[in-house]
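1. pasting the structure only:
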C-alpha cells in the first residue's frame, strides 16, 4: 500500500482552501461593480425615489411594447399595393402631381359635379326616395348609383327608373378589385374608394348616402366654396377625438389630444373637387386607410355602445366611425385643425321625417334639415 507524501497532502489541502477564496473574490468583484454603478447613478440623480424609478421603468417598457406596433402601422399605410392606387388614378403611388390646371382632365365632361350614392341590400325604398329628390331638385346633374349587392329584382327596378332618365347610371361596385374587407359594409371602407373612382373619372362629386335627400336646388354657394377650397362638408356637434378609436391616430402619426376641440364633419354627404391638394393630401391618405383594414377598423373598434354622457365630451365615446373618423383625422392635419374653410353654410340635405311618414304628424315637414353647425 502506497501513502501520499506530506508535501502532496499539503498541496491538495491548499488547493481546496483556494477554490472558495476564488469564488468569494469573484462575488466581491461583482458586488463592487454593482455598487459603483448604483453610486454613479445616484450622483447623477441626486433626488431619486421609488415612485420615479417605477414610473421611468414603466415608460421604457411601454415604449418598447409600442415600438413594433408603430413601425407596423407606418409600414402598412406606405405599403398599400400600388396596383390598387393606380386603378384609382394615383400615379407613382400618389406622388406625381396633377396636370398644370390643378386637375386631371376628366374622361367624361359634365358642367356640374356628378351626384353619387350607394345602395346596400335592403335599401331599395330609400334609394328610390333619394332618386326622386334628385329628380326634383337636381335634374340636370348626372346621378350614379353604386350597387353594393342588392338582389336581382331590385336591381332591375332601379335600372328601369334610370332608363327613364338620360342622367342616371346604375353601376355595380367591383369588390374583387380591392381588399376583401371592403365587403364589410358596416365599416363603410367602400365610400372613399367610390368617391375616388368618380373624382378620377369626372373631376367633381357630390356624395350623399341615400338617406340624405336633397331639399333644395340652391347649391351655388357650396359649389363655389368647394371649387375654391377643394371640398365642402357638414359638421356634427362632437369633436373628432370622441368619434375615433385611439389606435387610428397612430396611422397618421398624430395624437388624440390634438383633436379634443376639432369639430368633426359627416362623411355621409360631401362635395369634392379633384384639385391637386385634395387628390394628394386628402384622397390619397383616405383611400390608403380605407384599403388598410387595421387602419380603417382598428382592433377593438366598434360602432355600438356609445357613451354620449361622458365627461369631458372630448373623451372617446366608445364608438368608432370608420371612414368618417379617418376623414376627420386627415382634415385636421390638412387644414391645421381649422374647420372654417370647408364648413358648409347652405341647407342642402335633409333626412325623412319619420313622424310625417308614419302619419303621426301630417303637418310636419317631409324632410328635416341635418345641418348641425348653425
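-> Great, that's in hand. Treat the numbers as computed from the prediction; the structure is a model and nothing was measured. Numbers count the residues shown, from 1 in each chain.
2. so residue 213 makes contact with residue 130?
-> Yes - between residue 213 and residue 130 a contact is recorded at 5.7 Å, counting by CB atoms under 8 Å. In this view, the C-beta of every residue, glycine as well, is placed from N, C-alpha and C.
3. neighbouring contacts of stretch 330-347?
-> With CB atoms under 8 Å, 6 or more residues apart in numbering as the test, stretch 330-347 has contacts from 215-216, 218-219, 221-222, 225, 229-235, 240, 252, 254, 258-259, 261-263, 265, 277, 281-282, 285-286, 289, 369, 371, 373-374.
4. what subset of the residues you listed is buried?
-> The neighbour-count test (16 or more other CB atoms under 10 Å) marks 215-216, 219, 222, 225, 229-235, 240, 252, 259, 262-263, 265, 277, 281-282, 285-286, 289, 371 as buried among the contacts of stretch 330-347.
5. so which of the residues you listed sit within strands?
-> Of the positions in the buried ones among the contacts of stretch 330-347, 231, 232, 233, 234, 235, 263, 265 sit in strands, assigned by DSSP state E.
6. show me where the stretch 51-200 of the chain dips below the pLDDT cut-off.
-> Scanning the stretch 51-200 of the chain with the threshold set as pLDDT under 70 gives 51-78, 93-111.
7. what's the burial count for residue 136?
-> 13 (other CB atoms under 10 Å).
8. residue numbering should commence at 57 henceforth.
-> New numbering, starting at 57: the last item is residue 192.
9. what kind of secondary structure is it in?
-> Here residue 192 is recorded as helix under DSSP: H, G, I helix; E, B strand; the rest coil.
10. give me the number of residues near residue 269?
-> Applying other CB under 10 Å, we find 24 residues neighbouring residue 269.
11. so in terms of bridging, what pairs with it?
-> Beta-bridge partners for residue 269, by DSSP bridges, are residue 406.
12. for residue 287, same thing?
-> Applying DSSP bridges, one finds that residue 287 bridges with residue 328.
13. list the contacts for it?
-> 326, 327, 328, 329, 334, 338, 398.
14. and it, how far from residue 362?
-> Computed as CB to CB, to the nearest Å, the residue 287 to residue 362 distance reads 26 Å.
15. what pLDDT, on average, does stretch 383-395 get?
-> For stretch 383-395, mean pLDDT rounds to 98.
16. please read the previous query as pertaining to stretch 325-333.
-> The average of the pLDDT scores along stretch 325-333 is 96.
17. ends of it, what's the gap?
-> Stretch 325-333 has its terminal residues 20 Å apart, counting by CA to CA, to the nearest Å.
18. cool, stretch 268-285 as well?
-> End-to-end span of stretch 268-285 (CA to CA): 23 Å.
19. on that earlier part again, buried only: go through the contacts of residue 287 for me.
-> Buried by 16+ other CB under 10 Å: 326, 327, 328, 329, 334, 338, 398, out of the contacts of residue 287.
20. SS state for residue 225?
-> Going by three-state DSSP: residue 225 is strand.
21. and the helices in this protein?
-> Ranges of helices within the chain are 62-100, 106-134, 138-143, 180-193, 208-219, 246-258, 276-285, 302-307, 332-333, 340-347, 349-352, 378-390, 410-413, based on DSSP state H.
22. pLDDT on the first one, on average?
-> Read that as helix 62-100. Averaging pLDDT along helix 62-100 gives 55.
23. okay then, goodbye and thanks.
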